[in-house]
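J.: below are the sequence and a predicted model; questions follow.
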Amino acid sequence: MKKIALLVCLFCLLPLMFSGCSKNEEASVIKVAVCPTSPPNLYEENGKHLGMDLEIFEGFCQARNRRYSITSYDWQGMLGAVIGKQADVAFSAISITDKRKEVMDFSKPYMDNTWNLVSLKKRNLVIKDLSELKKYSIGYPRGMAYSDFIKNKLEPQGVYKLSDVKMYPTYNEVLADLKNGNLDLAFLDGSVASVYRKKMDIQDSYVFTGFDMFGFAFPKGSPLRDDFDRYLAELGPDKLKAIVNKWMN
């Protein structure tokens, strides 16, 4: 009878034991949010995610023996997933800004960035003075750091109004409108511009430099951020620069 009772207890406990393992395994998987329209940092090709940011993060996961799962969003959805803690980390060439730091934590910067206003080569738009911007339509994805720049810098100077900007879900729609003549200038990150210059007949009309850096975004108070910063320090500036140069060239 004792043996039967023991077997019954074990039979009852088995589902709980396996359920507990499943939950622990699920908790150990890092939930990643991306917007796969920011090459070379993060993009999708033949149904597979690729890019500089992913290579850096995969190195972290290998060093820490961690697994990850990726969910794709539009730009605002990606940031919202981190803010709402549906994701443990987000990366897709995300600019570190004071406004974003109010609602999320950032890793140490991993690369400097430029902001490029690009136009079609056949139009040959060259901006020599920012006061000329009023003559043109400008577009970029919703939720980008360009909005704070326009609102806080350009608008007070009477250069350009944020309300005049055309907003899109991703860079794909921005560049489609640029190509079709429905947009004069597209605001692109320098890394994104370096890729699309190889695919489209576009040129830089004006480049803003010296104030933007990319980082990995984490929910507020995330211990994962601290461990990721430790990994960046372990990787070292030379190896990090080699990864960046590989994808930029």
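T.: Right, received. Where do you want to start? Please read all numbers here as calculations on a predicted model, not as lab measurements. Numbers count the residues shown, from 1 in each chain.

J.: just the pLDDT for the residue most central in space within the chain.
T.: Averaging the C-alpha coordinates of the chain gives a centre point, and the residue nearest to it by Cα atoms, centre = their mean is S92 (2.1 Å). For S92, the pLDDT comes out at 97.

J.: host element of it?
T.: strand 89-95 (DSSP states H and E).

J.: rewinding a little: next up, the contacts around the residue nearest to the centre of the chain.
T.: V34, C35, P36, T37, S38, N41, L42, G51, D53, W75, M78 (Cβ atoms under 8 Å, 6 or more residues apart in numbering). Quick note: C-beta positions are derived from backbone N, CA and C, even for glycine.

J.: burial check on the last one, number of neighbours?
T.: As a burial measure, M78 scores 25 neighbours (other Cβ atoms under 10 Å).

J.: could you give the angle of the one helix or strand it maps to to strand 89-95?
T.: Assessed by DSSP H and E, M78 sits inside helix 75-83. Between helix 75-83 and strand 89-95, the angle comes out at 130 degrees (axes from the mean of the first three to the mean of the last three Cα atoms, to 10 degrees).

J.: what comes into contact with helix 75-83?
T.: Helix 75-83 has contacts (Cβ under 8 Å, 6+ apart) with 33-35, 71, 73, 86-87, 89-90, 92, 94, 100, 103-104, 141-144, 169-170, 217-219.

J.: filter the residues you listed down to the buried ones, ChimeraX style.
T.: In ChimeraX, the members of the contacts of helix 75-83 classed as buried (16 or more other Cβ atoms under 10 Å) are selected with the following command:
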select :33,34,35,73,87,89,90,92,94,100,104,141,143,144,169,170,217,218,219
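
J.: next step: the contacts of helix 75-83 restricted to helices.
T.: Per DSSP state H, helices hold the following members of the contacts of helix 75-83: R100.

J.: excluding chain neighbours, what is closest to L188?
T.: Leaving out its chain neighbours, the residue that sits closest to L188 by Cβ to Cβ, 6 or more residues apart in numbering is N116, at 5.1 Å.

J.: kindly report the domain assignment for the protein.
T.: Per automatic domain parsing, the structural domains of the chain span 26-112+213-248, 113-212.

J.: pull up the distance across the last one, start to finish.
T.: Domain 113-212 has its terminal residues 5 Å apart, counting by Cα to Cα, to the nearest Å.

J.: give me the sheet partners of the host helix or strand of F211 and which way each runs.
T.: Assigned by DSSP H and E, F211 belongs to strand 202-218. Strand 202-218 has the following sheet partners, assigned by DSSP bridges: strand 89-95 (antiparallel), strand 105-106 (antiparallel), strand 111-120 (antiparallel).

J.: please compute how far the helix or strand following it lies from its chain's middle.
T.: Per DSSP H and E, the first helix or strand lying C-terminal to strand 202-218 is helix 223-248. Distance, stretch centre to chain centre, for helix 223-248: 16 Å (Cα atoms, centre = their mean, to the nearest Å).

J.: give the buried residues for helix 223-248.
T.: Of the residues in helix 223-248, those buried (16+ other Cβ under 10 Å) are L224, R225, F228, D229, Y231, L232, L235, L240, I243, V244, W247.

J.: wait, which of those residues is closest to S137?
T.: W247 (30.5 Å; Cβ to Cβ).

J.: and the closest one, what is it in contact with?
T.: P40, N41, G51, M52, E55, S191.

J.: and of these, the nearest to E132?
T.: Out of these, the member with the shortest distance to E132 (by Cβ to Cβ) is S191, at 25.5 Å.

J.: how about that closest one, secondary structure?
T.: helix (DSSP: H, G, I helix; E, B strand; the rest coil).

J.: that one touches N113, doesn't it?
T.: Yes - here S191 reaches N113: they are 6.5 Å apart, a contact under Cβ atoms under 8 Å.
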